[in-house]
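Participant: Here is the input, now give the coordinates:
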Amino acid sequence: MFDSDLLDKLSRVHPAVPVIIFVPAIGVLLGLAVGRVSALGFLGLAAAGYAFWTLSEYWIHRAIFHFEPEEGFGARLHWIIHGVHHDHPNDPLRLVMPPSVSVPLSSLFVLGFYAVLGSPLFLPFAGGFLSGYLIYDMTHYHLHHHKPKTWVGRRLRELHMRHHFQDDTTGFGISAPYWDRVFRTFSRIAER
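Facilitator: You can find the predicted model right below:
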């Protein structure tokens, strides 16, 4: 699929890899916050971090993953980052973000939270944010490779499959589709 075997290998990842990487990171962030942030502050900041993730998920998917330059390096980069997933939506090794992207990107976000919130407030916020990312990654994998049994799971799968197979200009919120309503990118087909 890629001209480079290395690029091809770096773009494939087993769905357990984000869990192996991010559960310990989340545990460290939240563990370091215990006793340094009040219980109410801890819960509020973790919830705010999660909410910020859901908004970030929407905008990263809409503005970055679906920004499609027509030619040159930008077009190739888009295809590597997200286009390959739309071309091969059932490839089980291309459904979660490779660590070569997720680790540096999440590190930048955590450093940004530290710069804005300072210590120790960034700890639960970053823990909530990374928890949201992990929920998103696992939800995305589940929607592609399992048949959800709950109403919520079936609805999320329906919305995401509509994004893949009917209209990729709608349905950018995978784990948080309410942002599509807020920003008016909810699938009209899905409302019927």
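
Participant: From here on, just use CA atoms for contacts and neighbour counts.
Facilitator: OK.

Participant: which stretches of the protein form strands?
Facilitator: Counting by DSSP state E, the chain has no strands to list.

Participant: ok, Gly118 - how many residues close by?
Facilitator: 12 (other Cα atoms under 10 Å).

Participant: Also the one 10 residues further on?
Facilitator: The burial metric for Gly128, expressed as a neighbour count using other Cα under 10 Å, is 27.

Participant: just Leu111 next, same as before
Facilitator: Neighbours around Leu111, by other Cα under 10 Å: 15.

Participant: can you tell me which helix in this structure is longest?
Facilitator: Determined from DSSP state H, the single longest helix within the chain is helix 122-145.

Participant: Tell me the buried residues in that helix?
Facilitator: 122-144 (16 or more other Cα atoms under 10 Å).

Participant: next one: stretch 163-183
Facilitator: Those buried within stretch 163-183 under the rule 16+ other Cα under 10 Å are 163-164, 168, 170-180.

Participant: Reformat these as CSV; add pLDDT.
Facilitator: Below are the buried residues of stretch 163-183 laid out as CSV (pLDDT from 0 to 100):
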residue, pLDDT
His163, 83
His164, 79
Asp168, 82
Thr170, 89
Gly171, 90
Phe172, 91
Gly173, 93
Ile174, 90
Ser175, 93
Ala176, 95
Pro177, 94
Tyr178, 95
Trp179, 96
Asp180, 94
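
Participant: In helices only, show me those residues.
Facilitator: Residues of these located in helices (DSSP H): 163-164, 178-180.

Participant: Distance to Val116 added to these, as TSV?
Facilitator: Listed next are those as TSV, based on distance: Cα to Cα, whole Å:
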residue	distance to Val116
His163	34
His164	36
Tyr178	27
Trp179	24
Asp180	27
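
Participant: Give me the residues contacting stretch 39-58.
Facilitator: The contact list for stretch 39-58, computed with Cα atoms under 8 Å, 6 or more residues apart in numbering, reads 33-34, 121, 124-133, 136, 172-176, 179-180.
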